[in-house]
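Undergrad: This is a predicted model, with the sequence first.
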Amino acid sequence: QVQLVESGGGLVQAGGSLRLSCAASGRSFSLNTMGWFRQAPGKEREFVAGMSRRGIEYSDSVKGRFTISRDYDKNTMGLQMNSLQPDDTAVYYCATDLTGWFINVNPREYNYWGQGTQVTVSS
C-alpha cells in the first residue's frame, strides 16, 4: 500500500524558516517526479516545487526562498522554506506523478498524495 506522510509544518513568524519532509512507502518513486503543492483557504491547490532525475522546478512565488531535495535511496523528499511570508500560509502536500520524469505543475497529473501539513506564517 502506497503511503506519503508529510511532517514539519507549524507556526512561524514572517521571515522565519521551516523544513517539511515527506516519507514515501509501499514502493519506490526513484524514477518518478515528486512534488510539493499547497492549498490556502478558499484557493485552488497550487504547485510549489517538483523534482525528478531530469531536474527541478519552482513556482515563481517561491523561487529563491524554497529549496526542494530528495533522497532517492530513502524514498524521501524535503522542502526547506526560508524567508516565509504570510502569503505562504497553507496546507502543504507532497505528491508523486507516475507518468515519468516531466515535472507537471497540474495537480491532476499526480497519482498519490499525502494528508498534508499546515504551515502558518504570522505577520
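TA: Here it is on my side, so go on.

Undergrad: Let's verify the residue nearest the centre of the chain: helix, strand, or coil?
TA: Nearest to the mean C-alpha position of the chain, counting by Cα atoms, centre = their mean, stands Trp36 at 1.9 Å. Secondary structure, DSSP: H, G, I helix; E, B strand; the rest coil: Trp36 is strand.

Undergrad: what sits against it?
TA: 20, 22, 47-50, 68, 77, 79, 92-95 (Cβ atoms under 8 Å, 6 or more residues apart in numbering). C-beta: built from backbone N, CA, C; applies to glycine.

Undergrad: show me where the chain has strands.
TA: 3-7, 10-13, 18-25, 33-39, 46-52, 55-58, 66-71, 76-81, 90-97, 112-113, 117-122 (DSSP state E).

Undergrad: To Val105, which of those lies closest?
TA: Evaluated with Cβ to Cβ, these place strand 46-52 nearest to Val105, the distance being 3.9 Å.

Undergrad: can I get the CA coordinates of that closest one in CSV?
TA: C-alpha atoms of strand 46-52 as CSV (Å, rounded to 0.1, in the frame of the first residue of the first chain):
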residue,chain,number,x,y,z
GLU,A,46,-1.1,25.2,-6.4
PHE,A,47,2.3,23.8,-7.5
VAL,A,48,5.2,24.8,-5.2
ALA,A,49,8.2,22.7,-6.4
GLY,A,50,8.9,19.5,-8.1
MET,A,51,11.9,17.3,-8.6
SER,A,52,12.8,14.4,-10.8
